[in-house]
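S.K.: heads up, no residue letters with this:
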């Protein structure tokens, strides 16, 4: 663990507004370091960092003869020809990509790293909250914002504030909980004691050659666990099980379903431990194994996240009652099916999903919300059918509520290489609006841009029976006008994507 008496450093962050980089900047601010930074655009995150004491001018302080930092940390999105990075290297300043800087911390703490193609942020948040509730006082760095339950101990916030919403929690113990991203093999910089492996699927194919390359990289990462480490694996994911079969450390399998053929999974590794995490959870409410579990967040994918978090809690000998109480109070994280407000009586949710599997899982969870409401209305009709107040309710309310999805594809490369999967990801939605593909600077190939578009995806979706309505709109204003005109009371609208589509949510709710 980092000791408080260590001499503060002068650290400059390039791309400081990124969700991961900003969390690391918060860490060093809380440790007393002098933090500066820069980014291409202003944001709420940057304003918060300024309030905490970071100096974020339009250009780096060392570029014009100012104070020279001891370390420059830069985002994975920063290109090698970035002027600040070139200047820092020319001056002999130590430069590290974000994952390298975080990797140094993982060697100094008892690190719990959450890895996988999907579910990392939510699972990391759940684990952090459980450790917090158990009094283990963890430091947490996560790729989303979490509402921490205890007053935040960060002195830079001034007086203690309850339930701080942040991508960082400062702890005062040996425990560090991180979200370990696989893009550019970032996680190969981390040296955890516990790895959670949620799933493995094709993604980031602008870096990885194919699924085999992804599997090989995950296998290399898992070998960072020593013999005293533990691998917590989703027993329902075939690729994750294959990786687990080769490891020498303790393996804990978790599952959200009873159909995972427990005996066969157990045979994959003689040292495997089959954990008693939640199973048989077809709905998000209580189940036979954990009758006290009553989640606020929808979707079977979140039951899998719960199972992972509880498996880690058991390894740390945290009582189930603490874990269950924490998970029952968990209302989700920033931009993960986050409820934002109402428009025309329709509920608006904001979501970060950008991979076909994430889209499908989120829309299935959103569909649950519609079914729950329909079930409550049906119960009212049945229970009060003889009441004059409810007489004729069935005949007067024949309109079925709709599930909307407004989607901004993220990156031409991903859209092109996973096109067929995207074409089958929206079946649970009734109405889909597609916006132009968000281009990621430094990660796009011009020849790919000519081969794929949102209009092409819209045509493909229209050829299917579900969703029943698909349209393409070319900007946020057109989408806002269409939604304002067509959203109806009790509809659910999920505005989804990893680019700047959150701006649509903001302008829609301000209308």
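M.R.: Cool, the structure landed. Since the model is a prediction, treat every value here as computed from it, not as a measurement.
S.K.: can we go C-alpha only for contacts and neighbour counts from here?
M.R.: Noted.
S.K.: in stretch 293-304, what counts as buried?
M.R.: 293, 294, 295, 297, 298, 299, 300, 301, 302, 303, 304 (16 or more other Cα atoms under 10 Å).
S.K.: What of stretch 496-504?
M.R.: 496, 497, 498, 499, 501, 502, 504.
S.K.: would you turn these into JSON lines with pLDDT and secondary structure?
M.R.: Supplementary listing: the buried residues of stretch 496-504 in JSON lines, determined by pLDDT from 0 to 100; DSSP: H, G, I helix; E, B strand; the rest coil:
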{"residue": "496", "pLDDT": "89", "secondary structure": "strand"}
{"residue": "497", "pLDDT": "89", "secondary structure": "coil"}
{"residue": "498", "pLDDT": "82", "secondary structure": "coil"}
{"residue": "499", "pLDDT": "83", "secondary structure": "coil"}
{"residue": "501", "pLDDT": "89", "secondary structure": "coil"}
{"residue": "502", "pLDDT": "87", "secondary structure": "helix"}
{"residue": "504", "pLDDT": "92", "secondary structure": "helix"}
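S.K.: out of these, what pair is the most spread apart?
M.R.: In the buried residues of stretch 496-504, the most distant members under the criterion Cα to Cα are 498 and 504, with 12.4 Å between them.
S.K.: Just give me the longest strand of this structure.
M.R.: strand 139-147 (DSSP state E).
S.K.: got the contact list for that one?
M.R.: The contact list for strand 139-147 (Cα atoms under 8 Å, 6 or more residues apart in numbering) reads 19-20, 23-24, 121, 124-125, 128, 163-173, 175-179, 332-335.
S.K.: Next: stretch 202-212.
M.R.: With contacts defined as Cα under 8 Å, 6+ apart, stretch 202-212 is touched by 117, 183, 184, 201, 214, 355, 413, 414, 417, 443, 444.
S.K.: got the residues you listed as CSV, with secondary structure, pLDDT and distance to residue 339 columns?
M.R.: Listed next are the contacts of stretch 202-212 as CSV, based on DSSP: H, G, I helix; E, B strand; the rest coil; pLDDT from 0 to 100; distance: Cα to Cα, whole Å:
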residue, secondary structure, pLDDT, distance to residue 339
117, coil, 84, 24
183, helix, 81, 28
184, helix, 81, 32
201, coil, 84, 28
214, helix, 90, 34
355, coil, 83, 20
413, helix, 86, 30
414, helix, 85, 27
417, helix, 84, 31
443, coil, 70, 31
444, coil, 72, 32
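S.K.: for residue 455, what are its contacts?
M.R.: Contact partners of residue 455, counting by Cα under 8 Å, 6+ apart, are 434, 472.
S.K.: which element is it on?
M.R.: If you go by DSSP states H and E, residue 455 is part of helix 454-462.
S.K.: Downstream of that helix, the next helix or strand is which one?
M.R.: Reading on from helix 454-462 to the C-terminus, the next helix or strand found by DSSP H and E is strand 469-472.
S.K.: and the next helix or strand after that following strand, what other elements does it pack with?
M.R.: The C-terminal neighbour of strand 469-472 among helices and strands, as given by DSSP H and E, is helix 476-486. In this structure, helix 476-486 packs against helix 502-510, with contacts taken as 3 or more Cα pairs under 8 Å, 6 or more residues apart in numbering; DSSP states H and E.
S.K.: Check which helices and strands the helix it packs on sits against.
M.R.: When contacts are defined as 3+ Cα pairs under 8 Å, 6+ apart, helix 502-510 sits against strand 338-343, strand 346-351, helix 476-486, strand 492-496.
S.K.: And the ones you listed: which comes nearest residue 224?
M.R.: strand 346-351 (32.2 Å).
S.K.: Run through who's touching that closest one.
M.R.: Residues outside strand 346-351 that contact it (Cα under 8 Å, 6+ apart) are 335-342, 487-497, 502, 505.
S.K.: what separates the most centrally placed residue in the chain from residue 201, distance-wise?
M.R.: Within the chain, the residue whose C-alpha comes closest to the C-alpha centroid is residue 121; the distance, by Cα atoms, centre = their mean, is 3.5 Å. According to Cα to Cα, to the nearest Å, residue 121 stands 16 Å off from residue 201.
S.K.: next one: residue 358
M.R.: Taking Cα to Cα, one finds residue 358 at 11 Å from residue 201.
S.K.: ditto for residue 437
M.R.: With Cα to Cα as the criterion, residue 437 and residue 201 are 22 Å apart.
S.K.: So between those two, which is more surrounded?
M.R.: residue 437 (21 against 18; other Cα atoms under 10 Å).
S.K.: now the more buried one, nearest residue through space, not along the chain?
M.R.: Residue nearest to residue 437 in three dimensions, not counting chain neighbours: residue 409, with 4.7 Å by Cα to Cα, 6 or more residues apart in numbering.
S.K.: what's the neighbour count on the one you found?
M.R.: Counted with other Cα under 10 Å, residues neighbouring residue 409 total 27.
S.K.: Over to it: give its phi and psi.
M.R.: Dihedral pair for residue 409: phi -60, psi 150, per degrees, to the nearest 10.
S.K.: can you pull the pLDDT of it?
M.R.: The predicted local confidence for residue 409 comes out at a pLDDT of 92.
S.K.: Got a ChimeraX select line for the buried ones in the contacts of strand 139-147?
M.R.: Taking 16+ other Cα under 10 Å as the burial criterion, the selection of buried members of those in ChimeraX is written as:
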select :19,20,23,24,121,124,125,128,164,165,166,167,168,169,170,171,172,175,176,177,178,179,332,333,334,335
